[in-house]
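Q: Please find the sequence and the predicted model below.
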Amino acid sequence: MNILISNDDGVFAPGIQALAKALKPLGRVVIVAPESERSGFSSALTLDRPLRPIQIAPDVWAINGTPADCVYLSMNGMFDFEFDLVVSGINSGANLGDDVLYSGTVGAAFEGRLMKQPAIAVSLAGSNVRSYQQPEDYAQAAQWVHDFIADGLPQLPPRHIFNINIPDIPCIKGAQITYQGQRIQSKPITTQVDPRGRQVLWIGLAGEAVTDPKKSCIDIQSDFFAVAHGYVSITPIQMDATNYSILETLKIQMGCKNIELQ
């Protein structure tokens, strides 16, 4: 099996190195990742300049682009062989709920959405920031991913991926299938003045997570709820964001009008 690994923390990040080491028993592992951190780039592709792959070690490449660039190039002619699986991570920090809209980790995984096996985005979602700097935490999280793949990936419909968030390593109670949770409105922006008297703005912190169970789906908890209670969160997410449940209602509300182009 040929496994492509990418991330948004950069090619030298401890999470991607631990993941590559853990997955090598499963087949050939190739790292193609941004040359530096590219967090928050979602599925952005670089279209205004050329991209330059640089091989820094056997089967390890750095690219001056986004996480999605790395996977796109790797799957569309950069190599003379095809990949069987795309794994993105291990991200330093959670990608839960609304965060997936911005996540470069998830964006890289979504570039692998057309493969026969569902792509995987993996994040270390522990509450202890210091733990992200500990190699043993990444190693244990990577081993969990190895076992998840080795046991046989569950099947998903086309264009779906797995978004996996792993809580504090010593506290893991197991794994849960979850739905994508929500955050309340984000914190206000911060306004400052730079030394030259110009106004600058900082994007505020993400809003608080909603960790209450969804009453209409009581047997399945949100990703926030699972991680907060010590479980690995496994969320199937899809590229198609259409809300099919309201299509007919919306059609009726609009009076079944046909919009004519002039």
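A: Cool, the structure landed.
Q: The helix or strand of the chain with the lowest mean pLDDT - which strands sit beside it in the sheet, and in what orientation?
A: Taking mean pLDDT, DSSP states H and E as the measure, the helices and strands of the chain show their lowest mean at strand 199-202, namely a mean of 85. Applying DSSP bridges, strand 199-202 is found paired with strand 190-193 (antiparallel).
Q: If you count neighbours, what's buried in the strand it pairs with?
A: Using 16 or more other Cβ atoms under 10 Å as the burial criterion, none of the residues of strand 190-193 qualify. Yep, even glycine has a C-beta here, placed from its N, CA and C like the rest.
Q: can you list contacts of it?
A: The set of residues that contact strand 190-193 without belonging to it, under Cβ atoms under 8 Å, 6 or more residues apart in numbering, is Q199, V200, L201, W202, G204.
Q: Please enumerate residues in contact with the least confident helix or strand of the chain?
A: Applying Cβ under 8 Å, 6+ apart, the set of residues contacting strand 199-202 from outside is I189, T190, T191, Q192, V193, D194.
Q: re the thing from before, which one of the contacts of strand 190-193 sits in the busiest neighbourhood?
A: By neighbour count, taken as other Cβ atoms under 10 Å, the most surrounded of those turns out to be G204 (12 neighbours).
Q: Now G97: closest residue in space, sequence neighbours ignored.
A: Taking Cβ to Cβ, 6 or more residues apart in numbering, and ignoring the residues beside it in sequence, G97 has G181 as its nearest neighbour in space, at 3.8 Å.
Q: I234 and I177 touch, don't they?
A: Yes. Here I234 reaches I177: they are 5.4 Å apart, a contact under Cβ atoms under 8 Å.
Q: of these two, who's got more company?
A: Neighbours per residue, other Cβ under 10 Å: of I234 and I177, the larger number sits with I234, 19 against 16.
Q: beta partners of that one?
A: On DSSP bridges, the residues paired with I234 through beta bridges are I164, I177.
Q: So what's the predicted local confidence for it?
A: The confidence metric pLDDT takes the value 97 at I234.
Q: Can you lay out the contacts of strand 199-202 as a markdown table showing pLDDT and distance to D9?
A: Listed next are the contacts of strand 199-202 as a markdown table, based on pLDDT from 0 to 100; distance: Cβ to Cβ, whole Å:
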| residue | pLDDT | distance to D9 |
| --- | --- | --- |
| I189 | 79 | 25 |
| T190 | 84 | 24 |
| T191 | 87 | 29 |
| Q192 | 88 | 27 |
| V193 | 89 | 31 |
| D194 | 89 | 28 |
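Q: Specify which member of those is nearest to R49.
A: D194 (27.4 Å; Cβ to Cβ).
Q: Excluding chain neighbours, what is closest to that closest one?
A: Taking Cβ to Cβ, 6+ apart as the measure, D194 lies nearest to V200, with 5.2 Å between them; neighbours along the chain are not counted.
Q: do the same with A139
A: Distances taken as Cβ to Cβ, 6+ apart put A18 closest to A139, at 5.0 Å, once the chain neighbours are dropped.
Q: ok, the one you found to W202 distance?
A: Here the distance between A18 and W202 works out to 31 Å (Cβ to Cβ, to the nearest Å).
Q: ok, D9 touching L19?
A: No. No contact is recorded between D9 and L19 when judged using Cβ under 8 Å, the distance being 11.0 Å.
Q: Pick out whichever of those two has more residues nearby.
A: Neighbour totals were compared for D9 and L19, and L19 leads with 30 against 24 (other Cβ under 10 Å).
Q: tell me which element that one is part of?
A: Under the criterion of DSSP states H and E, L19 resides in helix 14-23.
Q: name the helices or strands packed onto that helix?
A: strand 2-6, strand 28-34, strand 85-92, strand 120-124, helix 135-150 (3 or more Cβ pairs under 8 Å, 6 or more residues apart in numbering; DSSP states H and E).
Q: Please produce JSON lines containing these, extended by distance to T242, mean neighbour count and mean pLDDT.
A: Rendered in JSON lines, the data for the helices and strands packed on helix 14-23 read as follows (distance: least, Cβ to Cβ, whole Å; neighbours: other Cβ atoms under 10 Å; pLDDT from 0 to 100):
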{"stretch": "strand 2-6", "distance to T242": "27", "mean neighbour count": "26", "mean pLDDT": "98"}
{"stretch": "strand 28-34", "distance to T242": "31", "mean neighbour count": "23", "mean pLDDT": "98"}
{"stretch": "strand 85-92", "distance to T242": "24", "mean neighbour count": "28", "mean pLDDT": "95"}
{"stretch": "strand 120-124", "distance to T242": "21", "mean neighbour count": "28", "mean pLDDT": "97"}
{"stretch": "helix 135-150", "distance to T242": "29", "mean neighbour count": "18", "mean pLDDT": "94"}
